[in-house]
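Engineer: how would this look folded up:
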Amino acid sequence: MHYIRKGKVLSVATLREEDAEVIETVALETSDIVNRPIRELKFPKGALIGAVVRNGDVIIPGGDDVILPEDRVVIFALQSSIPKVEKALMVKLEYF
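Structural biologist: Down below sits the predicted model:
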């Protein structure tokens, strides 16, 4: 699955009866989800950040927590929100 998903996805588990996925990814330095408090992220409806793993420690994030580059992030997402989640995980485009 990590070959067809966008971003640096480590694993994906499908929750068939719930029409949802659990996605484990690595936060890229250039991603929209890093270096900002979670409460400021424009994360799509139908998706949530369930855990952040940093230096072997598991963090159940709150709104004031910040995802850092190279953190492992566990995301729960309904199928309908996955394209928007992927977009948030991708590299930011800089316009000059």
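
Engineer: drop to CA atoms for contacts and neighbour counts, all remaining ones
Structural biologist: OK.

Engineer: and the contacts of the helix or strand bottoming out on mean pLDDT in the chain?
Structural biologist: Across the helices and strands of the chain, mean pLDDT, DSSP states H and E gives its lowest value to strand 8-15, namely a mean of 79. Strand 8-15 has contacts (CA atoms under 8 Å, 6 or more residues apart in numbering) with Met1, His2, Ala20, Glu21, Val22, Ile23, Glu24, Thr25, Val26, Ala27, Leu28, Leu89.

Engineer: repeat that for stretch 64-81.
Structural biologist: So stretch 64-81 is contacted by 18-29, 33-39, 44-54, 85 (CA under 8 Å, 6+ apart).

Engineer: related to what we said a few turns ago, just how off-centre is the helix or strand following the least confident helix or strand of the chain within its chain?
Structural biologist: Sequence-wise, the next helix or strand downstream of strand 8-15 (DSSP states H and E) is strand 20-26. Offset of strand 20-26 from its chain centre (CA atoms, centre = their mean, to the nearest Å): 7 Å.

Engineer: mind listing what the helix or strand following strand 20-26 pairs with, with the direction of each?
Structural biologist: Next helix or strand after strand 20-26 toward the C-terminus (DSSP H and E): strand 47-54. According to DSSP bridges, strand 47-54 forms sheet pairs with strand 57-59 (antiparallel), strand 72-78 (antiparallel).
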